[in-house]
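Visitor: Okay, predicted coordinates and the sequence, questions at the end:
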Amino acid sequence: MNRPARLLDLEAVLAALEGVVLGKSREVRLALCCLLARGHLLIEDLPGLGKTTLAQALARVVGLDMQRLQFTSDLLPADVLGVSVFDPREAHFRFHPGPVFHGLVLADEINRATPKTQSALLEAMEEGRVTVEGETRALPDPFFVIATQNPQEQAGTFPLPESQLDRFLMRLSLGYPDPRAEREILRGRAGRVTLDALMPLLDAESLRHWQTRLDGIHVADALLDYVQALAAASREQPELAWGLSTRGILALLQAARGWALLEGRDHVLPEDVQAVWIPVTGHRLSSGPREEGEALARQLLTRVAVMG
């Protein structure tokens with residue numbers, strides 16, 4: 001069966017990304033799914049494993065202007081949002097937008113900044129606008145944040161609290177490349193050296209089209225029964241301090257719609273929910289190490305039978 005012409009656009013985006021971030025097709029698909037679902041992405045990894053390359057490649061192929069912001073312990077909220085500076089020639093204050101006023105913001109090592117600075121970005125992610133010195137300004141649409149953080153056992157970090165982790169639709173880890181992919185990177189056939197060859201395959205308008213199209217992806221009652229059963233199981237597990245919230249369920253459904261769209265379907269299947277379950281729920285079920293949250297999410301998935 002022939003694929004719809006517009007769906008081929010998304011397949012071309014995936015192919016272009018996979019040509020740069022080699023050997024990570026699942027993680028690349030999840031990142032694009034997160035963008036289509038109007039979510040934000042948290043990547044937890046050691047330095048040098050391709051987090052920045054993924055962000056740069058994604059920005060290029062979907063036609064978003066990108067700004068990288070290196071988070072440090074002395075970074076201030078004004079460094080993120082912007083600041084008004086007095087212009088003596090015109091005798092009034094002029095606002096200088098911060099890095100957050102870009103379509104894609106790479107917040108590098110977000111857990112090295114203080115909680116106050118972290119909150120400045122995370123509130124902008126939640127609201128889609130910022131208020132600086134009493135004036136509210138809208139952020140670009142689409143607006144996508146990829147935040148990276150080093151594992152919490154590294155010194156000099158400020159772990160994100162549960163309420164702020166919840167602002168991220170997904171948490172991923174790219175991990176080390178497999179030997180074949182690493183060999184291609186060493187030969188200069190993948191990774192950062194291939195970024196310059198990437199061409200924009202979408203623009204802001206077409207990206208908004210795909211994001212809007214997600215709302216039309218059908219979710220049957222039987223699928224809702226399955227999702228609610230998963231949520232109920234998370235709330236009944238004694239090893240969990242808290243279960244999946246209603247907002248978490250909505251995030252799961254939106255991500256599942258995005259995965260279904262990338263699979264070329266107009267309805268959500270249980271397999272779509274299962275595909276995004278761990279990235280969406282791992283950081284919502286545990287504030288501990290990433291591996292702990294993912295293990296708990298994986299256990300829950302095996303305990304709940306598919307309904308319908």
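Guide: Arrived safely. These figures come from a predicted structure and were not determined experimentally.

Visitor: Only C-alpha atoms from now on, for both contacts and neighbour counts.
Guide: OK.

Visitor: Just the strands from the stretch 1-150 of the chain, written as ranges.
Guide: Listed in chain order, the strands of the stretch 1-150 of the chain (DSSP state E, counting those that start in this stretch) span 41-44, 66-70, 82-87, 92-97, 104-108, 129-132, 135-138, 144-149.

Visitor: Buried residues of the helix or strand just after the last one, list them for me.
Guide: Spelled out, that is strand 144-149. Counting by DSSP states H and E, the element after strand 144-149 in chain order, helix or strand, is helix 162-165. For helix 162-165, burial by neighbour count (16 or more other Cα atoms under 10 Å) applies to residue 165.

Visitor: same deal with stretch 93-106?
Guide: Within stretch 93-106, the residues that count as buried by 16+ other Cα under 10 Å are 97, 98, 99, 100, 101, 102, 103, 104, 105, 106.

Visitor: what's the answer for stretch 180-187, then?
Guide: For stretch 180-187, by 16+ other Cα under 10 Å, it's 181, 182, 185.

Visitor: per-residue confidence at residue 192?
Guide: Residue 192 carries a pLDDT value of 74.

Visitor: what about the closest residue in space to it that isn't next to it in sequence, distance to residue 200?
Guide: The shortest distance from residue 192 to any non-neighbouring residue, by Cα to Cα, 6 or more residues apart in numbering, is to residue 53 (5.8 Å). Per Cα to Cα, to the nearest Å, residue 53 is found 15 Å from residue 200.

Visitor: Neighbour count for the two, which is higher?
Guide: Using other Cα atoms under 10 Å, the more surrounded residue of residue 53 and residue 200 is residue 53, with 19 against 15.

Visitor: my guess is that one meets residue 194, correct?
Guide: No: if you go by Cα atoms under 8 Å, residue 53 and residue 194 don't touch, sitting 9.7 Å apart.

Visitor: joint contacts of these two?
Guide: Common contact partners of residue 53 and residue 194 (Cα atoms under 8 Å, 6 or more residues apart in numbering): residue 20.

Visitor: Would you map the helices across the stretch 151-300 of the chain?
Guide: Secondary structure of the stretch 151-300 of the chain by DSSP state H, counting those that start in this stretch: the helices cover 162-165, 179-186, 204-213, 221-236, 246-262, 270-285, 290-303.

Visitor: want to try JSON lines for these, with distance to residue 112 and mean pLDDT as columns?
Guide: Converted to JSON lines, these look like this (distance: least, Cα to Cα, whole Å; pLDDT from 0 to 100):
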{"stretch": "helix 162-165", "distance to residue 112": "15", "mean pLDDT": "82"}
{"stretch": "helix 179-186", "distance to residue 112": "28", "mean pLDDT": "88"}
{"stretch": "helix 204-213", "distance to residue 112": "31", "mean pLDDT": "93"}
{"stretch": "helix 221-236", "distance to residue 112": "31", "mean pLDDT": "95"}
{"stretch": "helix 246-262", "distance to residue 112": "26", "mean pLDDT": "96"}
{"stretch": "helix 270-285", "distance to residue 112": "18", "mean pLDDT": "96"}
{"stretch": "helix 290-303", "distance to residue 112": "17", "mean pLDDT": "90"}
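
Visitor: Could you dump the ones you listed into CSV with distance to residue 13 added?
Guide: As requested, the helices of the stretch 151-300 of the chain are exported to CSV (distance: least, Cα to Cα, whole Å):
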stretch, distance to residue 13
helix 162-165, 28
helix 179-186, 19
helix 204-213, 11
helix 221-236, 29
helix 246-262, 11
helix 270-285, 19
helix 290-303, 28
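
Visitor: what about these, which gets the closest to residue 88?
Guide: For residue 88, the closest of the helices of the stretch 151-300 of the chain is helix 204-213, at 36.7 Å, according to Cα to Cα.
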